[in-house]
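J.: any chance you could fold what I've pasted below:
(one chain, ligands or ions: 1)
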Amino acid sequence: VDAAPAIELWHCVDARSFRALWALEELGLPYRLHLLPFPPRVHVPEYLEENPLGTIPLLVDGETRMTESGAIGEYLAARYVPETPLTVKPQEPDFGAYLNALHYGEATLTFPQTLVLRYRDLEPQERRQPQVVEDYARWFFARLRWLTARLEGRAHICDRFTLADISVGYALLLAAHIGLGDRLPPIVAAYRARLQARDGYGRARAAQSG
Ligand SMILES: N[C@@H](CCC(=O)N[C@@H](CS)C(=O)NCC(=O)O)C(=O)O
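T.: I've put the predicted structure just below:
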């Protein structure tokens with residue numbers, strides 16, 4: 001009898017934890033998935049005992065507990081699949097671009113979208129802020145400029161598909177999810193479609209639909 005996989009991931013459908021799920025699938029690692037309703041803080045208060053932040057992802061691997069979707073993929077690759085082509089090594093020319101994109105996907109591209117979502121859809125009517133929604137939608141599109149330039153003549157951010165594409169790709173999926181997807185520059189929309197055509201992406205989608 002096989003032991004239960006040691007790696008556990010707490011996830012809500014299509015939330016940032018999708019990055020960790022997608023990375024697990026692309027790396028081919030066994031894991032146990034805990035699917036939670038969103039936001040877990042409200043629907044599953046006992047989740048706060050697992051993760052006091054109340055956010056997803058939460059990855060638990062023995063004594064290791066992680067809550068940042070970009071760092072989780074790096075951790076899994078470094079610890080379990082060090083030779084994977086999904087990471088870029090320090091001696092490779094694209095190392096800086098790789099690290100930059102890994103963080104850019106979350107800090108620069110996802111963050112403004114969460115303000116759009118919150119102040120357009122999630123807050124009660126009287127707390128909604130159309131000016132915030134407009135300003136941060138504009139911020140998001142302006143911050144896509146790095147990606148648009150980077151994709152000129154390239155299929156991926158580096159010379160192959162990597163965790164950086166998962167980080168940035170998730171931000172583009174979120175854009176589609178919150179109704180900003182139609183306004184993506186064509187080169188970015190084509191890149192998003194390429195990422196969505198991957199088997200690993202399909203497996204992650206299937207995993208989260210139970
Ligand atoms: N920087 C973190 C952000 C994690 C985060 O804020 N996740 C959101 C979902 S996309 C969340 O759990 N929100 C629920 C809440 O704040 O109650 C990451 O990249 O994982």
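J.: and the contacts of the helix or strand of the chain with the lowest mean pLDDT?
T.: The least trusted helix or strand in the chain, going by mean pLDDT, DSSP states H and E, turns out to be helix 40-43, with a mean of 94. For helix 40-43, contacts defined as CB atoms under 8 Å, 6 or more residues apart in numbering pick out 10, 12, 36-37, 47-48, 54-56. Just so you know, the C-beta spots here come from the backbone N, C-alpha and C atoms, and that holds for glycine as well.
J.: any quick PyMOL command for the buried ones out of these?
T.: Selection of buried members from the contacts of helix 40-43 for PyMOL, criterion 16 or more other CB atoms under 10 Å:
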select buried, resi 10+12+36+47+54+55+56
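J.: redo the contacts of helix 40-43 as JSON lines? Include distance to E123.
T.: Formatted as JSON lines, these follow (distance: CB to CB, whole Å):
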{"residue": "W10", "distance to E123": "25"}
{"residue": "C12", "distance to E123": "19"}
{"residue": "L36", "distance to E123": "21"}
{"residue": "P37", "distance to E123": "19"}
{"residue": "Y47", "distance to E123": "22"}
{"residue": "L48", "distance to E123": "22"}
{"residue": "G54", "distance to E123": "17"}
{"residue": "T55", "distance to E123": "18"}
{"residue": "I56", "distance to E123": "20"}
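J.: quick check, nearest of the contacts of helix 40-43 to R183?
T.: C12 (25.3 Å; CB to CB).
J.: measure the closest one to I72 for me?
T.: Taking CB to CB, to the nearest Å as the measure, C12 falls 15 Å from I72.
J.: do the same with G181
T.: G181 is 25 Å from I72, by CB to CB.
J.: just want to know which of the two has more residues nearby.
T.: I72 (26 against 15; other CB atoms under 10 Å).
J.: hang on, isn't T162 packed against F95?
T.: No: T162 is not in contact with F95 according to CB atoms under 8 Å; the separation is 10.7 Å.
J.: looking at the two, which has the bigger crowd around it?
T.: When T162 and F95 are compared for neighbours, T162 comes out ahead with 24 against 14, by other CB under 10 Å.
J.: and the residue nearest the centre of the chain?
T.: For the chain, R19 is the residue whose C-alpha lies nearest the centre (CA atoms, centre = their mean; 3.4 Å).
J.: where do the contact lists of T162 and F95 overlap?
T.: V88.
J.: for the chain, just list every one of the strands.
T.: For the chain, the strands defined by DSSP state E cover 7-11, 32-35, 58-61, 64-66.
J.: distance from stretch 153-162 to the middle of the chain?
T.: Remark: stretch 153-162 is offset 17 Å from the chain centroid, using CA atoms, centre = their mean, to the nearest Å.
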